[in-house]
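Peer 1: Here is my input; please provide its structure:
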Amino acid sequence: MISRYLVLFVFVVLTVPPAVAEDSAILILGDSLSAAYGMEIGESWPSLLQKRLDEDGHAYRVFNSSITGETTQGGLTRLPGLLEKHAPAIVIVELGGNDGLRGLPLDVTRSNLSEMIALSQAAGARVILAEMRIPPNYGRTYTERFNGTYTELAERYGVALLPFLLQDIALEPGLMLPDGIHPTAAAQPLILEQVWRVLEPVL
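Peer 2: Prediction:
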């Protein structure tokens with residue numbers, strides 16, 4: 001009798017299908033360049049990224065936690081809660097532009113970005129750092145130091161560096177809003193391609 005129950009138990013255990021694993025998370029922590037500024041959410045590059053992942057059969061879910069006007073300090077403040085909530089496999093940090101436009105101390109920006117990278121890596125996530133650029137009218141010294149911060153941090157922490165999202169877009173007619181700062185909906189597929197070239201090898 002015992003052997004029959006044992007056989008039945010083994011049979012049940014072996015035939016129960018394994019639980020379906022949840023999709024891995026990709027967390028985007030950015031500013032207005034990633035927050036669907038001036039367009040429908042579905043037109044933004046993070047939304048287009050989700051569609052590309054689904055179409056290509058990648059089991060990832062995109063969580064876009066970008067906020068228009070966000071600074072590195074704001075991102076750093078929000079990041080621990082986001083890491084705990086989503087447990088992301090990949091974190092894309094697209095911040096610092098508003099720091100530069102406000103002329104905030106570079107040491108503060110660099111420290112905040114460093115902490116965000118370190119926190120993400122400590123949580124087990126792979127990090128992609130999005131390069132930011134500011135206009136030259138902030139002075140040559142400040143501009144060069146700001147622009148070099150991203151390459152420096154990417155090398156220090158061994159993370160992938162995503163080239164400035166607007167580097168091939170900012171001067172193209174129809175791809176920027178009248179403010180000259182934010183990309184249009186038409187630019188989003190182009191931004192996605194830039195992101196995808198860096199993201200795909202990390203998946």
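
Peer 1: Report the beta-bridge partners for the residue most central in space within the chain.
Peer 2: With distances taken as Cα atoms, centre = their mean, the residue of the chain nearest its centroid is Ile92 (2.1 Å). Beta-bridge partners of Ile92, counted by DSSP bridges, are Ile28, Ile128.

Peer 1: I'd assumed Trp45 was in contact with it.
Peer 2: No - counting by Cβ atoms under 8 Å, Ile92 does not reach Trp45; the two are 10.5 Å apart. In this view, the C-beta of every residue, glycine as well, is placed from N, C-alpha and C.

Peer 1: Spell out which residues are contacts of both of those two.
Peer 2: Counting by Cβ atoms under 8 Å, 6 or more residues apart in numbering, the contacts common to Ile92 and Trp45 are Val195.

Peer 1: Could you pull up the residues touching the residue nearest to the centre of the chain?
Peer 2: Ile26, Leu27, Ile28, Leu29, Gly30, Val127, Ile128, Ala130, Leu162, Val195, Leu199.

Peer 1: The closest residue to Arg102 other than its chain neighbours: what's it in contact with?
Peer 2: The shortest distance from Arg102 to any non-neighbouring residue, by Cβ to Cβ, 6 or more residues apart in numbering, is to Thr71 (7.5 Å). Thr71 makes contact with Asp31, Leu95, Asn98, Asp99, Arg102, Leu104, Asn112, according to Cβ under 8 Å, 6+ apart.

Peer 1: for Leu83, helix, strand, or coil?
Peer 2: helix (DSSP: H, G, I helix; E, B strand; the rest coil).

Peer 1: Run a quick neighbour tally on it.
Peer 2: 21 (other Cβ atoms under 10 Å).

Peer 1: do the one 4 residues further on as well
Peer 2: Other residues within reach of Ala87, judged by other Cβ under 10 Å, total 14.

Peer 1: Quick one: residues contacting Leu113.
Peer 2: By Cβ under 8 Å, 6+ apart, the neighbours of Leu113 are Thr72, Val93, Leu95, Gly96, Leu129, Thr149, Tyr150, Leu153.

Peer 1: try 6 Å this time
Peer 2: Going by Cβ atoms under 6 Å, 6 or more residues apart in numbering, Leu113 touches Thr72, Leu153.

Peer 1: secondary structure class for it?
Peer 2: Going by three-state DSSP: Leu113 is helix.

Peer 1: and which of the contacts of Ile92 is nearest to Ile41?
Peer 2: Ile28 (12.7 Å; Cβ to Cβ).

Peer 1: so who does the closest one touch?
Peer 2: With Cβ under 6 Å, 6+ apart, Ile28 has these contacts: Ser34, Pro46, Asn64, Ser66, Ile92.

Peer 1: Just to be sure, which of these are found in strands?
Peer 2: Asn64, Ile92 (DSSP state E).

Peer 1: Could you export the contacts of Ile28 to a markdown table, including columns for pLDDT and distance to Asp56?
Peer 2: Putting the contacts of Ile28 into a markdown table (pLDDT from 0 to 100; distance: Cβ to Cβ, whole Å) gives the following:
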| residue | pLDDT | distance to Asp56 |
| --- | --- | --- |
| Ser34 | 98 | 20 |
| Pro46 | 98 | 16 |
| Asn64 | 98 | 19 |
| Ser66 | 98 | 23 |
| Ile92 | 99 | 17 |
